[in-house]
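*Asks:* Let's see this in three dimensions:
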Amino acid sequence: MAAYLGIGASSGASASDIRCLADEVLAAGGVGWSAVDAVATSAGLASDPRLHALGRPVVGFAVAELGAVAGTHPSPRALREVGTPSVAEAAALLAAGPGARLAVPKRRAARVTAALACR
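*Replies:* Numbering: from 1, shown residues only. Have a look, this model is predicted:
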C-alpha cells in the first residue's frame, strides 16, 4: 500500500504541532512513518522546514490543482487564506494518484490540518 500524508499549516503552527497531528492521522490509518511515501501540501509550503522535519519527501501542488480535486471536505478558511477549499485532503489525493482514496479524512488542530490517502 502506498500512503501519502497531506498537510496544511498556518504560519503560526510549530513543527511540533504538525508532527503531533501527523502522528495522530497515521495512527488512525494504521500506518507508520516508514510507509509514508511523501508528505503532500500546497506549493507555497513545499519548501517549509517544518514539513521537511517530518523526514519524508515533500511534494507541493499549485492552488489550481488542489482546487480541482473532487471528494474533499471544503474549508472556508483554506479558501480564504490559501485560495483553495482543500489543502490536506486534496494534496494527499493528488500525490497518491489515480485510484487513491482517503484512508483518514481531514483532521484539524489549532493551526494544522492533515489527511491520509492510500492506493
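
*Asks:* Going by C-alpha atoms from here, please, whenever you check contacts or count neighbours.
*Replies:* Noted.

*Asks:* can you give me the helices in the chain?
*Replies:* Using DSSP state H, the helices of the chain run over residues 15-29, 49-52, 63-67, 76-81, 88-96.

*Asks:* hey, which of those helices is tucked in deepest?
*Replies:* Burial of the helices of the chain is given as mean neighbour count (mean count of other CA atoms under 10 Å); helix 88-96 ranks first at a mean of 29.

*Asks:* Comparing the helices of the chain by mean pLDDT, which bottoms out?
*Replies:* Note on the helices of the chain: lowest mean pLDDT is at helix 76-81, with a mean of 90.

*Asks:* Out of the helices of the chain, which is closest to Gly8?
*Replies:* Taking CA to CA as the criterion, helix 88-96 is the member of these that comes nearest to Gly8, at 5.1 Å.

*Asks:* which secondary structure elements does the closest one contact?
*Replies:* Packed against helix 88-96, as judged by 3 or more CA pairs under 8 Å, 6 or more residues apart in numbering; DSSP states H and E, are the following elements: strand 3-9, strand 36-42, strand 58-61, helix 63-67, strand 101-108, strand 112-118.

*Asks:* what's the angle between that helix and strand 101-108?
*Replies:* Interaxial angle, helix 88-96 versus strand 101-108 (axes from the mean of the first three to the mean of the last three CA atoms, to 10 degrees): 150 degrees.
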